[in-house]
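*Asks:* here is my input, please return the structure:
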Amino acid sequence: MRVITERLKERVYAQLSVVAVTIGLALGESGSARAAASAVAATALGLWLATVAADQQAHAAVHGRVARGHDLRILLFRTSPLLTAAIGPLLMIGLAALEVLPLVTALYLAAGVDLALMFVWGFGLGRRMGAGLLAALFSGLANLVIGLMVVGVKLLAGH
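*Replies:* Residues are numbered from 1 along each chain as shown. The predicted model follows:
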């Protein structure tokens with residue numbers, strides 16, 4: 001259960017970062033789908049690599065060696081949501097590359113879908129924990145508000 005908890009935490013962090021990047025790209029009216037896809041992929045990959053490196057350092061500090069074998073597989077499983085956070089935006093950017101959507105629209109749509117997913121995760125986890133409907137709604141809304149705060153900061157900053 002602890003690994004699942006860590007995976008969710010990693011996914012929320014990554015999703016917030018990817019939302020911030022997609023909003024920033026939309027505001028900057030990124031020139032090409034390729035550049036936007038590179039930025040989103042680099043964000044997810046960079047977050048993942050930084051987390052793996054930090055987890056390896058923490059593991060070495062506690063156990064006197066880097067994670068290997070079973071410990072390494074758990075570390076990689078736990079951190080993999082950092083990479084999956086980029087899938088939705090990359091799909092939307094792919095639609096823009098195929099000229100199904102304008103790029104800016106695809107980026108805003110990706111951010112909106114990610115925010116909706118954050119609400120759904122919060123709500124679903126609230127229900128899974130046995131919370132009543134009101135508490136689960138509050139959990140989902142808390143995730144959504146945090147995501148909207150990230151979007152608000154990007155919009156206020158204008159980049």
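*Asks:* which stretches of this protein form helices?
*Replies:* Counting by DSSP state H, the chain has helices at residues 2-27, 33-63, 69-79, 81-84, 87-97, 103-128, 133-157.
*Asks:* now the fourth one: mean pLDDT?
*Replies:* When pLDDT is averaged along helix 81-84, the result is 88.
*Asks:* burial check on the residue nearest to residue 85 when sequence neighbours are not counted, number of neighbours?
*Replies:* Distance criterion Cβ to Cβ, 6 or more residues apart in numbering; nearest residue to residue 85, sequence neighbours excluded, is residue 14 at 3.6 Å. Using the backbone N, CA and C atoms, a C-beta is placed for each residue, glycine as well. By the criterion of other Cβ atoms under 10 Å, residue 14 has 24 neighbours.
*Asks:* could I get the pLDDT score of residue 14?
*Replies:* Reported pLDDT at residue 14 in the predicted model: 87.
*Asks:* quickly note the distance from it to residue 150.
*Replies:* Per Cβ to Cβ, to the nearest Å, residue 14 is found 12 Å from residue 150.
*Asks:* now residue 101
*Replies:* From residue 101 to residue 150 the distance is 23 Å (Cβ to Cβ).
*Asks:* and for residue 98?
*Replies:* In terms of Cβ to Cβ, residue 98 sits 28 Å off from residue 150.
*Asks:* neighbour count winner among those two?
*Replies:* Neighbour comparison, residue 98 and residue 150: the larger count goes to residue 150, with 18 against 9 (by other Cβ under 10 Å).
*Asks:* list the buried ones in stretch 44-54?
*Replies:* For stretch 44-54, the neighbour count (16 or more other Cβ atoms under 10 Å) marks 44, 47-48, 51-52 as buried.
*Asks:* determine which two of those residues are furthest apart.
*Replies:* Farthest-apart pair in the buried residues of stretch 44-54 is 44 and 52; separation 12.5 Å (Cβ to Cβ).
*Asks:* where in the protein is pLDDT low?
*Replies:* Residue ranges of the chain with pLDDT under 70: 1, 3, 30, 158-159.
*Asks:* do you know how far the residue lying farthest from the centre of it is from residue 4?
*Replies:* Taking Cα atoms, centre = their mean, the residue of the chain most remote from its mean C-alpha position is residue 64, at 31.1 Å. Remark: distance between residue 64 and residue 4 (Cβ to Cβ) = 27 Å.
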